[in-house]
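Asker: Sequence and predicted structure, then a few things I'm wondering about:
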Amino acid sequence: MSAVGLIARDEIRLMTRNRVAIIAFVLVVLLTLVAVASSWAHQRGIAELRARQAEAAETAFKAQPDRHPHRVVHYGTFIFRPLGPLAAFDPGVDAFTGNSMFLEGHRQNSANFGDVRQSSLLVRFGQLTPAFVLQVVAPLLLIFLGYGALARETERGTVRVLMLQGAGRGQIVRGKLLALGAAALLAGLPAMIGLAAISGQPGALAWPMLAIALGYAGYLALWTVLILLVSASVRRSRDALLALVAVWAVAVVLLPRVAPDLASAAVPLTNRLQTEVAVARDLRTMGDSHNPDDPHFAQFKRALLARYGVAKVEDLPINYKGAVGIEGERLTSAVHGRYATANHVAQARQNALVDAVGLLSPTIALRSLSMAAAGTDLAGHQRFLEQAEAYRYALVQRLNRMQMEDVSYADDGATDAGADRRKRVSARNWQAMPDFRFIAPDGRTLAAAALPGLAIVFAWLAGALILLMVASRRLGAR
Amino acid sequence: MGLFRYELRLLLRQRLTVGALALLALLTVAALAMGMAEVARQRAAIAAIPAAQAEDIGAVADYVDHTRDAGSAAYYSFHPTWDAPAPLAFATLGMRDVSPYILRVRALGLEAQIYDGDTFNPELALPGRFDFAFVLVFLAPLFVIALFHDLRSAEREAGRQRMLDALPNGGRALWRRRTLLRFLLTWGALGIPFGIAAIFAGVAVAPILIVLAVIAAYLLFWIALAALVGRLRWSSVANAAALAAAWLVLVLIVPTLCNVAINAAIPVNQGAEIAMAQREAVNGAWDVPREATMRRFYARHPEWADSAPLGPEFHYKWYLAFHENGDESVAPAVRAYRRGLEARDAAARALGWVLPSVGVQALLTRIAHTDLTAQLAYQDRIRAFHHRLRTFYYGYLFRDRPFGKTDFDRAPRFDDRDRG
C-alpha cells in the first residue's frame, strides 16, 4: 500500500476510535435522513394541497351562473404557485413568499399566506431541509473530525517521525485529505441519495440536480481542504478547533445574516402604500375612465366614434362600456407593470449585493446556487408573478371584450326590472376560459442560473488547495 | 478586591480573551445600530403616510364631489392603519420584516384585505435579521464557549492546577473569581451597549432591566454547561468540541426539528381557504334576491332596518351590506385560523421553557412587541378601526345623506396609541 493510503487508513482508524466523533457522525446521518423524509413529505403535502386548492378555485370559477362579464372581472380567480420536486431538497424562499394570489381587474394583489406568517417563531431559526443540513451542520461535523488531523501531529512532534520513516510532506497531507474527504463523502451521501430519490418524481430535471450535486460536493471538498489548511498552519489542535469554529461561525452564520441587512439598507424598497399612491397619481395624469372630463378618454371616445362613423356612443355597434374597460385595463396594467418592474429591479440589486458578499462566504454562494437550481429562489417567485400577471391581464381583457361584444350598451345602462337578466352572459363562457398553468423553466435555464454560485464555490476550492500546498511545505518545520 | 484586579490583569494579557470580548462588543454595537436603522426606516415610512394619504384622498374627494355619493366615497377611499414599532423593537425585529406594519383598508369586506402583505424581498428575509436578539441567542454562546471551555483544563494542561488549588484563596474561590470576572465582562460586552442604545431609544426602565436579566440568565446557562463539561476532566480540545456540538444541537437543530413537529402536530386551516370562501359569499350576492341580503344584514344591524327600501337601481348600501355579510359568513373559519396560529405560537413558547435559545427569543420578541401576539393585536386594531369605518359610511348610506368634500375630514382616523 502506498504511503498516502497508509496515512489515510491510519487517520480513518483514529476517527473511528473517537467515540464522540462516531456519535456525532451517526447523528448527522440521522438528521439528514429525518430532513430528507420530512422535507419530502412537506413538499408533497404542499404540492397536493395547492393542486387541490387550485382545482377548487377553477371549479368555482367555472360553476359561476350567468353573470355580467364585469362581475366576473371582480369575482376574479385564485391561483396557486406550484412547488417543483426539487423544493423537497431546498425549499428556498417558498415559506417566505405568499403562495396564493387573488387575480382581479384594475388591481395587482400581493401573493398571500406564506408559511412564515402561519408558523411559530421557530421558523426563523432555520428550516430542517437536506440543504440546511449540508450547508450548516455538515461543515461543523467535518471540523470536529478533522481539526486535529495535522495540528495533532505537529503538537506531538509525530510529523517528524512520519517524515523520518520516509513519508513526504505532500504524501502526509494527501493522506489526511483522503481520509477527511472520505468522511465528507460519507456525510454528504444520505442527502445525495435523497436527491436521487427525488429524481424519480415526475418533473425532476437532470441538469439542475447535477448542478446541486456538484455544488455541494465542491462545498464539502472546500471545507475538507480548509480544515486541513488551518490544521497545518497552527501549532496546537485547540487553536485549530477554535479558529475553524470561528471561521464557520462567520462564514455560515454571521455573514449570511449581515449581508441581507446591508443590502436592504443600501437599496430601500418602496412600500405598498407609496406605490399605490404613486400608481393612482400616474393614472390620474394618464387617463381616468371614471372622470367624464378626462382628456385621454375624451380623445379615445372621439377616435372610436370616428372609426365607426357614428355621432354618439349609443349608435356604436359595440358596447362602449366594454371598450372603455379594455382601454382602462390597458392603462392600469401598464402603470402597475412599471412599478412592479421597478420593484423587481430593486430586489435583484439587493440580491446582487448579497451575492457580492458571497465572494467572502462560500455558504452564501452555495445557498444561492442551490435555490437557483431548485427554482425556489426569488427569480423563481418572480417567474410566477410575471406569469400570473400575464394570465390576469388576458383573463380580464377577455371578459372586457365579452362585455363589449355580448352585452348591449342599452342593456348595460338600463335599470328596469328585467335589465339585470339581459345584462348577463351565458355560464358556458366561464367553462371556456383557459386555466392558469405555471410553465416551469427548463433544466438548462435553472442550471445556468446556478453557474455563478458554482464558479465561486470552485474558485474558493482552487484557492484553498493552493494555500494548502503552500502551507504543507512548511509542515514539521517548526 | 485586589485579587480581582490581578485576575483582570491576567485575563487582559490573553490575546484570545481580549479579542473575543472586543469582537462581541463590536458585533453587539453593529447589531444594535442595524436594528435602530431599520426601526428608524419603519418610523420614517409611517411618518410619510399623512402626506401621501392627503394627496390620494384629495383626488378621491374631487372625484366624489361630482356625485356626492357616500357609496363612491366608501368604495374609493383607502384608509391607512399602521403599527408603530415599540421602543424596544430595535433589539429584536421579530416578524416585522415579513408582516406588514402599514396596511390600508376600505370599508368593503375586510377578510379580503387584512391578510395582504407589504413589499419585501423574501431572499433577504430567509436567513433572518442581524439584530441584537441574534447576537445574544446565536453568537454569545460561542463566545462563552471560547472563554470558558478551558477555564480549568488549561491550568491542568499547563501543570498549574495543583499549585492553584493549594494557594490561599485558591481552589474553589479562585474558579469562582475567574468565572465571575469572565461572566461580568461578557455581560458588559452585551449589556452595556444594549443599555445605552435602549436609554437612547427611550425604553422604560423595567424592560431594560428585564432584558439585562435575560442576558445574564442566558449567559449563566451556557457558563453552567461549560462548567458541567469541565467537570468531566477532558482535554481542552474535547471540551471545546463537546460544547460546540451542544451549541449546534440547542440553537440550530432542536428548534428546526420542533418547527417541523409543531407544524405537523397543529395543522392550521389554510388562510387561502378563508379568502376563497369570503369571495364566494360576496360575489354570490349578485345572484340572490337583494331583499334576502338586506334581511340578513338588518338582522344584525336593526339600527339601520328603517332605511328606505331598495329601488331597482344600484345602491351602495346593498353593496356594503353584502360585503359585511361575506365577512360574517367566514367568521368561524377566521376564528379557527387564529386559534391555530395561537396554538402553534403557544407550543413554541412552551418549548422555550426547556430550550433557553427559544425561550430568550420568545421573551425578547414579546417584550419588544414584535411577535405573533403583537401582530394579532395589530390585526385587532385594524378590525376595530374597520368597524368604525363601516359605521361612519353607513350613517350616510342608510340615511341617504350626501357626502361632501368636508365629510372626508370627518372619516374616522386610525389611532395607534391605544395599544393593549
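Answerer: That came through fine.
Asker: Tell me the gap between whatever helix or strand B:Ala51 lives in and the middle of its chain.
Answerer: Assigning secondary structure by DSSP states H and E places B:Ala51 in helix B:49-64. How far helix B:49-64 lies from its chain's middle: 31 Å, per Cα atoms, centre = their mean, to the nearest Å.
Asker: so what's A:Asn18 up against?
Answerer: Neighbour list for A:Asn18: empty [criterion: Cβ atoms under 8 Å, 6 or more residues apart in numbering or on different chains]. For the C-beta atoms, the positions are set from N, CA and C on the backbone; glycine is no exception.
Asker: For A:Val29, see how far away it is.
Answerer: Separation of A:Asn18 from A:Val29 (Cβ to Cβ, to the nearest Å) stands at 16 Å.
Asker: before we move on, what about B:Arg388?
Answerer: For B:Arg388 relative to A:Val29 (Cβ to Cβ), the value is 58 Å.
Asker: which helices and strands does the helix holding B:Ala51 pack with?
Answerer: helix A:272-286, helix B:70-76, strand B:79-82, helix B:407-410 (3 or more Cβ pairs under 8 Å, 6 or more residues apart in numbering or on different chains; DSSP states H and E).
Asker: was I right about B:Pro85 contacting B:Val39?
Answerer: Yes - counting by Cβ atoms under 8 Å, B:Pro85 touches B:Val39, with 4.9 Å between them.
Asker: count of neighbours near the nearest residue to B:Tyr115 once chain neighbours are set aside?
Answerer: Leaving aside its chain neighbours, B:Tyr115 sits nearest to A:Asn112 (4.9 Å; criterion: Cβ to Cβ, 6 or more residues apart in numbering or on different chains). For A:Asn112, the count of nearby residues is 20 (other Cβ atoms under 10 Å in any protein chain shown).
Asker: I'd guessed A:Asn112 sits against B:Gly271; true?
Answerer: Yes - using Cβ under 8 Å, A:Asn112 makes contact with B:Gly271 at a distance of 6.9 Å.
Asker: which residues are common contacts for those two?
Answerer: B:Tyr115.
Asker: what helix or strand does residue 323 sit in?
Answerer: Because you didn't say which chain, this covers chain A. helix A:320-357.
Asker: Chain B was what I was after
Answerer: Going by DSSP H and E, B:His323 is in helix B:316-329.
Asker: Can you tell me which residues in the stretch 251-400 of chain A are near chain B?
Answerer: A:253-254, A:256-258, A:260-261, A:263-265, A:268-277, A:280-281, A:284, A:288, A:290-292, A:343, A:347, A:350-351, A:354, A:368, A:371, A:377-378, A:381 (Cβ under 8 Å from any Cβ of the partner chain).
Asker: What score does the residue nearest to B:Tyr115 have for pLDDT?
Answerer: The per-residue pLDDT reported for A:Asn112 equals 81.
Asker: Equivalent analysis for B:Asp418, please.
Answerer: Predicted confidence (pLDDT) for B:Asp418: 53.
Asker: What residue, apart from its backbone neighbours, is nearest B:Ile210 spatially?
Answerer: Here the residue nearest B:Ile210, using Cβ to Cβ, 6+ apart, is B:Ile367, at 6.2 Å.
Asker: Helix, strand, or coil at A:Phe25?
Answerer: helix (DSSP: H, G, I helix; E, B strand; the rest coil).
Asker: hang on, it packs against A:Leu141?
Answerer: Yes - with contact defined as Cβ under 8 Å, A:Phe25 reaches A:Leu141; the gap is 6.6 Å.
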